[in-house]
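>>> Below: sequence and its predicted model.
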Amino acid sequence: MTTLNVDQDLGLVVYKTVPSLEVDQDLLIVVAQLKQVIIQKQPFLFVFQTASGQPLAFGTVTIQLNTDAVVTSTNGPQVVSGRTVKVNLDGTGSATPYLWPNSVMSPSGTVYNVTAYSAQGQLAWSGQISL
């Protein structure tokens, strides 16, 4: 049986012996849950310009993963390639969508297909990026 002393000044529980395996397992579960929280979508800044160097003001950008993937955390979500994210650019040609970094997805080698359009809907740029 583990003997406990409570340090009233510090508000700490002090063990006279090594904590039980059950306590250690609880700690491991908490750490595993914290790791899941750390892996999440992140904001990525996109800035687009016209061929003449002017901001692609008030245009739009579509972003789509090239293949289905899974986020590599425990019970990580599936990221479906058929879903297109559409974001509006501001007056400076910028937008900050939240996306999954490619480094946390499996299989490796995923990329995003990105297409930028002018405010009039004309194709301005298209390519693949890895975040």
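Nice, thanks for sending it over.
>>> how about the strands in this structure?
With DSSP state E as the criterion, the chain has strands at 4-7, 12-15, 42-43, 46-47, 60-65, 69-71, 78-79, 84-88, 94-95, 98-99, 105-106, 112-117, 123-129.
>>> which residues touch the third one?
Meaning strand 42-43. By CB atoms under 8 Å, 6 or more residues apart in numbering, the surrounding residues in contact with strand 42-43 are T96, P97, Y98, L99, W100, P101, L131. From N, CA and C alone the C-beta is placed, and that goes for glycine too.
>>> What pairs with that strand, parallel or antiparallel?
Taking DSSP bridges as the criterion, strand 42-43 forms sheet pairs with strand 98-99 (antiparallel).
>>> Same check on the last one?
Strand 123-129 has its sheet partners listed here by DSSP bridges as strand 112-117 (antiparallel).
>>> Make sure A116 is actually in contact with I129.
No: at 11.4 Å, A116 does not count as touching I129 under the criterion of CB atoms under 8 Å.
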